[in-house]
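Colleague: I would like the atomic coordinates for the input below:
(2 chains)
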2 protein chains.
Amino acid sequence: MPVLVVGSVGIDDIETPAGARKGLLGGSAVYFSLAASLYTRALLVANVGTDFPAEFRDALATKDIDLSGLAVEDGETFRWSGRYRENMNDRDTLETRLNVFGSFDPILPEAFRSCPYVFLANGVPAVQLRTLAQMRVRPKLVAADTMDLWIRTTASDLAEVISKVNVLTVNDSEARMLSGRRSLPDAAAAILSRGPKVVIVKKGEHGVTAVGRDIGLFSMPAYPTGSVVDPTGAGDSFAGAMMGYLAGTDEVSPDNVRRAIAHGTVAASFTVESFGVERLASISRRDVEERLRELREIVRIPA
Amino acid sequence: MPVLVVGSVGIDDIETPAGARKGLLGGSAVYFSLAASLYTRALLVANVGTDFPAEFRDALATKDIDLSGLAVEDGETFRWSGRYRENMNDRDTLETRLNVFGSFDPILPEAFRSCPYVFLANGVPAVQLRTLAQMRVRPKLVAADTMDLWIRTTASDLAEVISKVNVLTVNDSEARMLSGRRSLPDAAAAILSRGPKVVIVKKGEHGVTAVGRDIGLFSMPAYPTGSVVDPTGAGDSFAGAMMGYLAGTDEVSPDNVRRAIAHGTVAASFTVESFGVERLASISRRDVEERLRELREIVRIPA
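Modeller: Numbering: from 1, shown residues only, chains lettered A, B, ... in the order given. This next block holds a predicted model:
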């Protein structure tokens, strides 16, 4: 089955302790689609301006990504510039120019409206809701990402999103903010009570913890890449590989969700090894499988 | 086989977001011995003052702990008081009165000097070295803990300790300080090159990562206790259960080291659930096995 993603496509300027790059292809829907395309066809819905470089479009088109939902609108493409601190976890946004993304109102192509796997990338909750309202068939699995900004400013729309999705991905500080609980197991349990079947808490270099009624508690470390160059897109790559794996296997059993999370962890580890999408766009499914084997050994507790 | 620990026995005043307690039995050798005694006999070497309460001694004596190496010296017992911040990770030391621990010069009872499993708890590296020098037989396994203070002030003695131990336990910031490397895999690799066969990096709520030539890379999350009351002694409980398990099974194979680390993780999860040693001193081996089963399920990646 294919997987649908609605999110951003943008151009990033990024500084990290490893260096600086300007004019990189970025955006949540880009990282997501590239990772998902390792497993299945990704249906991308986003908007860009007339300045969006043809080579960026071509880079996506060579992958298993359907770009018929990529709207080109009058104006300029979303631009973000940020700087990561020494610890590679904290970052400061230097500039955000929303441009056409500021009025993003996704129109799903007819053929996308029955896609059984849907990912609502981080964005205005009302837009996430309008996306869901366009689905003709109730999807098998809807996952959404969000951020602190929406928790603070649009709590009631966000609550509606949370009540309608099967999987919510948040980072650890967002889980705490959303639930008012300090302990992550408590925070996840509180969020679960609002609707989702699974809450996935992303902890950066400390890995990921998933909690759900059916999958129980599942925790895995990050794949220990020795070379973190640019963390941008790690979370969306995680989501892309996870959702791509689920859609590709078309199975949402608790065990398959665990496998999908492991694939997400591995995809994220590749993404952070280069600026932008360079590394992610260069890997094959075989590269993922190899790291997954290593990861299994890393977490192995002998009987 | 028994396990020998040389460290501190003290009296702690502790404040955490969960409350405050005064006059608690504490010290590295106490937490270590209580955890180790779940698996084997612990041989404790430490000193206390004449003020050391009889009920504290009795609490240890009811366990499988040999107190013949607990010297009672003229003066007062080591006292520490600290306050944990809201995140339960950072703590401020409010007061340290070393008292008799300030001149601690361990004399190992004759019967202890051939113990095959030895733990040098955090302390002055020169004292750790004098302890090792008293062993009549080369131990099968020596592990040591250390801290930032010794990395900064007694680097050359510490380097000698590191060159002589099989296992070094450090926390994540100490691993970085000791190696000058930001990435934990890199930091651990740099420390390994100085002598130890295994470096164990303790990451608090984020679990533990072990690296070694034979065991490879092993990473596990912390057991997700919902109730962190007082983190004091978590690291020493971890070391106590780990070393106790290794000594009790008398096997230092790579797979057994992984099992031992899992036992350490579980023991630490009990310790943090009460102030001081209350919870740790109340559990049985069966309690540990039950959490270990849960932990295996938590990290399980289905085939």
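Colleague: where along the stretch 151-300 of chain A do the helices fall?
Modeller: If you assign secondary structure with DSSP state H, counting those that start in this stretch, the helices in the stretch 151-300 of chain A sit at A:155-164, A:172-179, A:184-192, A:234-249, A:254-271, A:278-282, A:285-298.
Colleague: ranking the ones you listed by burial, who's on top?
Modeller: The highest average neighbour count among those, using mean count of other Cβ atoms under 10 Å in any protein chain shown, belongs to helix A:234-249 at a mean of 28. C-beta: built from backbone N, CA, C; applies to glycine.
Colleague: kindly provide the whole-number mean pLDDT of that one.
Modeller: Mean pLDDT, helix A:234-249: 98.
Colleague: what angle separates it from helix A:285-298?
Modeller: Between the axis of helix A:234-249 and that of helix A:285-298 there is an angle of 100 degrees, by axes from the mean of the first three to the mean of the last three Cα atoms, to 10 degrees.
Colleague: which other helices and strands does helix A:234-249 contact?
Modeller: The criterion is 3 or more Cβ pairs under 8 Å, 6 or more residues apart in numbering or on different chains; DSSP states H and E, and the helices and strands that helix A:234-249 contacts are strand A:3-6, helix A:28-36, strand A:117-120, strand A:141-145, strand A:167-171, strand A:198-202, helix A:254-271.
Colleague: what does the helix-or-strand element of chain A with minimal mean pLDDT contact?
Modeller: When the helices and strands of chain A are compared on mean pLDDT, DSSP states H and E, helix A:184-192 comes out lowest with a mean of 89. Residues outside helix A:184-192 that contact it (Cβ atoms under 8 Å, 6 or more residues apart in numbering or on different chains): A:162, A:168, A:170, A:172, A:175-176, A:178-181, A:198-199, A:201, A:209, A:211-213, A:217, B:205, B:224, B:226.
Colleague: middle-most residue in chain A, spatially?
Modeller: Nearest to the mean C-alpha position of chain A, counting by Cα atoms, centre = their mean, stands residue A:236 at 2.3 Å.
Colleague: and the spatially closest residue to residue A:29 that is not a sequence neighbour, what does it touch?
Modeller: The spatial neighbour of residue A:29 that comes closest, neighbours along the chain excluded (Cβ to Cβ, 6 or more residues apart in numbering or on different chains), is residue A:7 at 3.5 Å. Taking Cβ under 8 Å, 6+ apart as the criterion, residue A:7 is in contact with A:27, A:28, A:29, A:32, A:45, A:46, A:119, A:120, A:121, A:122, A:123, A:236.
Colleague: again, 7 Å this time
Modeller: A:27, A:28, A:29, A:32, A:46, A:121, A:123 (Cβ atoms under 7 Å, 6 or more residues apart in numbering or on different chains).
Colleague: likewise residue A:259?
Modeller: Counting by Cβ under 7 Å, 6+ apart, the residues that residue A:259 touches are A:245, B:301, B:302.
Colleague: so which of those comes closest to residue B:20?
Modeller: Within the set of the contacts of residue A:259, residue B:301 lies nearest residue B:20; the separation is 41.6 Å, counting by Cβ to Cβ.
Colleague: which strand or helix spans that closest one?
Modeller: Residue B:301 is part of no helix or strand when elements are defined by DSSP states H and E.
Colleague: thinking it is in contact with residue A:263, fair?
Modeller: No. Applying Cβ atoms under 7 Å as the test, residue B:301 and residue A:263 come out as separate, 10.0 Å apart.
Colleague: circling back: convert the C-alpha atoms of the least confident helix or strand of chain A to CSV, please.
Modeller: These are the backbone C-alpha positions of helix A:184-192, laid out as CSV (Å, rounded to 0.1, in the frame of the first residue of the first chain):
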residue,chain,number,x,y,z
LEU,A,184,7.7,9.8,30.3
PRO,A,185,5.6,6.6,31.0
ASP,A,186,3.1,8.8,32.9
ALA,A,187,3.1,11.4,30.2
ALA,A,188,2.5,8.8,27.4
ALA,A,189,-0.3,7.2,29.4
ALA,A,190,-2.0,10.5,29.8
ILE,A,191,-1.8,11.2,26.1
LEU,A,192,-3.1,7.7,25.3
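Colleague: residue A:196 touches residue A:170, doesn't it?
Modeller: No. The criterion here is Cβ under 7 Å, and residue A:196 misses it with residue A:170 at 10.2 Å.
Colleague: ok, which of the helices and strands packed on helix A:234-249 comes nearest residue A:80?
Modeller: helix A:28-36 (10.6 Å).
Colleague: the following helix or strand past that closest one vs helix A:234-249, what angle?
Modeller: Following the chain from helix A:28-36 toward its C-terminal end, the next helix or strand by DSSP H and E is strand A:42-49. For strand A:42-49 against helix A:234-249, the angle between stretch directions is 140 degrees (the same axes, to 10 degrees).
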